[in-house]
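# give the three-dimensional model of this entry:
(one chain, ligands or ions: 2)
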Amino acid sequence: MLKFNFYGHACFQLDDGKYKILFDPFLTGNPQATIKPDDVKADYVFVTHAHGDHIGDAYRILLKNKATAVGIPEIRDLVGDEVKTIGMNLGGTLKLPFGFARMVPAMHSAGVAGGTCCGYVVSIGGKIIYFAGDTCLFSDMKLIGERDKIDYAVLPIGGHFTMDAYDAARAVEFLGAKNVIPVHYNTWQVIEQDAEEFKNLVKGAAVHIVKPGESLELA
Ligand code: NI
Ligand code: MN
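Ligands and ions are numbered 1, 2, ... in the order given. The predicted structure follows:
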């Protein structure tokens, strides 16, 4: 059984019962956060980019859990030498004990000099999950969906810093995703969105609105 545990904003954990993969652990200062950094469990921490609302508490969580950080090489300098890191870059695929992880493009600023923002396609628990990170809509999302059949797409819908609900609905079409989970909205007023409206815009995929602190079984 694969679980999606949502901690608010763009922070979530995938748990296959053996491995816990944490994404963009912004908890301190996150008004939606439902868990304290010291209470989060992780074997791997994936970071999409170095903005504070994504890299967040990565360092502290990595140290506490003796977890491995995954991100672009420029992120390594931010999380410190004391933690295990796997630096990779766009187009690269890691074979990991739970499956694989591929780093894919995102269109957004990096938050670190010389860096790039990214998304991830992760195979875990027999499912393929695509996490877009922070990005606008781009047509090469079609290529991401062509290479791997996306079971669940985790997409930002908040607008202002990322694509909004309208463009995220187009992204679902480009990806050919079967299911979609909206994130990165309602954290602050500037990214207020009506998730129900997003649900109405999406065609051909199931929309799962997961509230901060809630979990979804990825069936
Ligand atoms: Ni950002
Ligand atoms: Mn962000």
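# how many residues are close by the residue nearest to residue 2 when sequence neighbours are not counted?
Closest residue in space to residue 2, ignoring its immediate chain neighbours: residue 125 at 3.3 Å, by CB to CB, 6 or more residues apart in numbering. All C-beta spots, glycine's among them, are computed from the backbone N, C-alpha and C. Using other CB atoms under 10 Å, the number of residues around residue 125 comes to 19.
# pull the CA atoms of the longest helix that the chain contains into PDB?
In the chain, assigned by DSSP state H, the helix with the most residues is helix 165-175. The C-alpha coordinates for helix 165-175 follow below in PDB (Å, rounded to 0.1, in the frame of the first residue of the first chain):
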ATOM      1  CA  ALA A 165      -5.700  26.100 -11.900                       C
ATOM      2  CA  TYR A 166      -6.500  26.700 -15.600                       C
ATOM      3  CA  ASP A 167      -2.900  25.900 -16.700                       C
ATOM      4  CA  ALA A 168      -2.600  23.000 -14.300                       C
ATOM      5  CA  ALA A 169      -5.700  21.400 -15.900                       C
ATOM      6  CA  ARG A 170      -3.900  21.700 -19.300                       C
ATOM      7  CA  ALA A 171      -0.900  20.100 -17.700                       C
ATOM      8  CA  VAL A 172      -3.000  17.100 -16.700                       C
ATOM      9  CA  GLU A 173      -3.900  16.700 -20.400                       C
ATOM     10  CA  PHE A 174      -0.300  17.000 -21.600                       C
ATOM     11  CA  LEU A 175       0.900  14.500 -19.000                       C
END
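# so residue 50 sits right up against residue 75, yeah?
Yes - between residue 50 and residue 75 there is a contact under CB atoms under 8 Å: 6.1 Å.
# lowest-pLDDT helix or strand in this structure?
Least confident helix or strand, the chain: helix 73-79 with a mean of 87, by mean pLDDT, DSSP states H and E.
# what comes up buried for that one?
Of the residues in helix 73-79, 74-75, 78-79 count as buried by neighbour count, 16 or more other CB atoms under 10 Å.
# distance to ligand 1 added to those, as CSV?
Shown next, in CSV, are the buried residues of helix 73-79 (distance: CB to the ion, whole Å):
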residue, distance to ligand 1
74, 14
75, 13
78, 14
79, 17
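# doesn't residue 142 belong to a strand?
No - assignment of residue 142 by DSSP: H, G, I helix; E, B strand; the rest coil gives helix, placing it outside any strand.
# thinking it is in contact with residue 174, fair?
Yes - using CB under 8 Å, residue 142 makes contact with residue 174 at a distance of 4.7 Å.
# how close does the residue sitting nearest the centre point of the chain get to residue 38?
Geometric centre of the chain, nearest residue: residue 131, 4.1 Å, by CA atoms, centre = their mean. When distance is defined by CB to CB, to the nearest Å, residue 131 is 24 Å away from residue 38.
# now for the helix or strand where residue 102 lies, which elements pack on it?
Assigned by DSSP states H and E, residue 102 belongs to strand 99-105. Applying 3 or more CB pairs under 8 Å, 6 or more residues apart in numbering; DSSP states H and E, we find strand 99-105 packed against strand 93-96, strand 118-124.
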